[in-house]
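Q: quick one, fold the following:
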Amino acid sequence: MIRPGPRNLITDVAGLAVGHASDARIKTGATVLVGARPFVAAVHVMGGAPGTRETDLLAPDKLVQEADALVLSGGSAFGLDAASGVADALRTRGRGFVVGDQTVPIVPGAILFDLINGGDKAWGENPYKTLGAVALDNAAADFALGSVGAGTGALIADLKGGLGSASAQWGGYTVGALVAVNALGRVTVGDGPHFWAAPHEMGREFGGLGPASGFDPGAVPPVKGGAGRNTTIAIVATDAALTQAQATRMAIAAHDGMARAIWPSHTPMDGDLVFAAATGARALGDDTAVPLMLGHMAALCLSRAIARGVFAATPAPGDVQPTWGARFG
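A: Numbers count the residues shown, from 1 in each chain. Below is the predicted model:
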């Protein structure tokens, strides 16, 4: 049976830590996932408007197979600088890919668009490099959900978005998901409080309301106004020993969880992306059911994490959308 891990966070995968940095005035932030040691990393993009750093490096045919950290950030293209702050800080710790007498931290990242969310964006100097470094300093096994880190200023069609996480365990393996939800579409059904991800909920992790009834499949989905203002960016992780190609397959499977939780998802105006991380602590073995189950659990965790991120969002001065709790709680 599949069950949540003890924290119900991506850090149930041993050796991983997550840190946030948030700026309430700007209404933005950054989130970092870092390993105790480098981990196999991969990525798969299904949205039409992604913003990324070093994702080409994560293809299975490339030289470097492992990353030191992964970064999710607000700020649109400006937010890509958060990964620079993480890379600089890791270099001072002696972390990175060794080339001669130089050490180069491998820090892929992805961004979401939160520039029109009620925050003060009139900065004189790009703040994201500092936010990335602070998020790395804050990395720990326990971390907050909701309006924090990369989810600080996230919005969806009708509510505040947020930062979510969830985990699952089966057969001695652990899988977790971490996501910043800033989608064009909705995560709830119609005008009610029920989450699209409700059939996959474990316990009452996002309210325990169960599935909605009476949904009209012919209804036109309401979406956030304006092209290029969206993106759901995520990380799925496991303690299994995966190759980069196998990790890529897990990232691909995880996108099913995004489609189960957001209506619509993977649109031309979203930059929907999933990173995968594999720490290699548990051998994969010869059982062909294990890779299948890892992908299934990644999708399950991501759908739950998306709902948890929106469910946990909190109100703040200047918000342009209500939280789920303010509207339905």
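Q: buried residues in stretch 101-120?
A: 103, 105-115, 117, 119 (16 or more other Cβ atoms under 10 Å). Where you see a C-beta, it was placed from the backbone N, CA and C, and this is true even at glycine.
Q: these in strands, which ones?
A: Under the assignment DSSP state E, the buried residues of stretch 101-120 contribute Thr103, Gly109, Ala110, Ile111 to strands.
Q: farthest-separated two in the buried residues of stretch 101-120?
A: The most widely separated members of the buried residues of stretch 101-120, counting by Cβ to Cβ, are Thr103 and Asn117 (36.9 Å).
Q: look through this protein and tell me its longest strand.
A: Identified as the longest strand of the chain according to DSSP E is strand 28-45.
Q: right, and the helix or strand after that strand?
A: Using DSSP states H and E, the helix or strand that follows strand 28-45 in sequence is strand 52-53.
Q: give me the mean pLDDT for the helix or strand that that next one is followed by.
A: Later in the chain than strand 52-53, the nearest helix or strand by DSSP H and E is strand 66-73. Averaged across strand 66-73, the pLDDT comes to 97.
Q: what's the following helix or strand past strand 66-73 packed up against?
A: Later in the chain than strand 66-73, the nearest helix or strand by DSSP H and E is helix 81-92. With contacts taken as 3 or more Cβ pairs under 8 Å, 6 or more residues apart in numbering; DSSP states H and E, helix 81-92 sits against strand 28-45, strand 66-73, strand 102-104, strand 109-111, helix 128-137.
Q: and the buried residues of stretch 101-120, which is closest to Val189?
A: For these, the nearest to Val189 is Leu112 (23.2 Å; Cβ to Cβ).
Q: how near is that closest one to Arg91?
A: Per Cβ to Cβ, to the nearest Å, Leu112 is found 26 Å from Arg91.
Q: over to Ala77?
A: Distance from Ala77 to Arg91, by Cβ to Cβ: 23 Å.
Q: looking at those two, which is more packed in?
A: Arg91 (16 against 11; other Cβ atoms under 10 Å).
Q: verify the contact between that one and Thr103 for me.
A: Yes. Under the criterion of Cβ atoms under 8 Å, Arg91 makes contact with Thr103 at 6.0 Å.
Q: who are the packing partners of the helix or strand of the chain with the lowest mean pLDDT?
A: One helix or strand of the chain scores below all others by mean pLDDT, DSSP states H and E: strand 97-99, with a mean of 91. Packing partners of strand 97-99 (3+ Cβ pairs under 8 Å, 6+ apart): strand 102-104.
Q: one step back: hmm, which of the ones in strands among the buried residues of stretch 101-120 is lowest in pLDDT?
A: Thr103 (92).
Q: so Phe143 touches Ala21, yeah?
A: No. Contact criterion Cβ under 8 Å: Phe143 and Ala21 do not qualify, at 11.4 Å.
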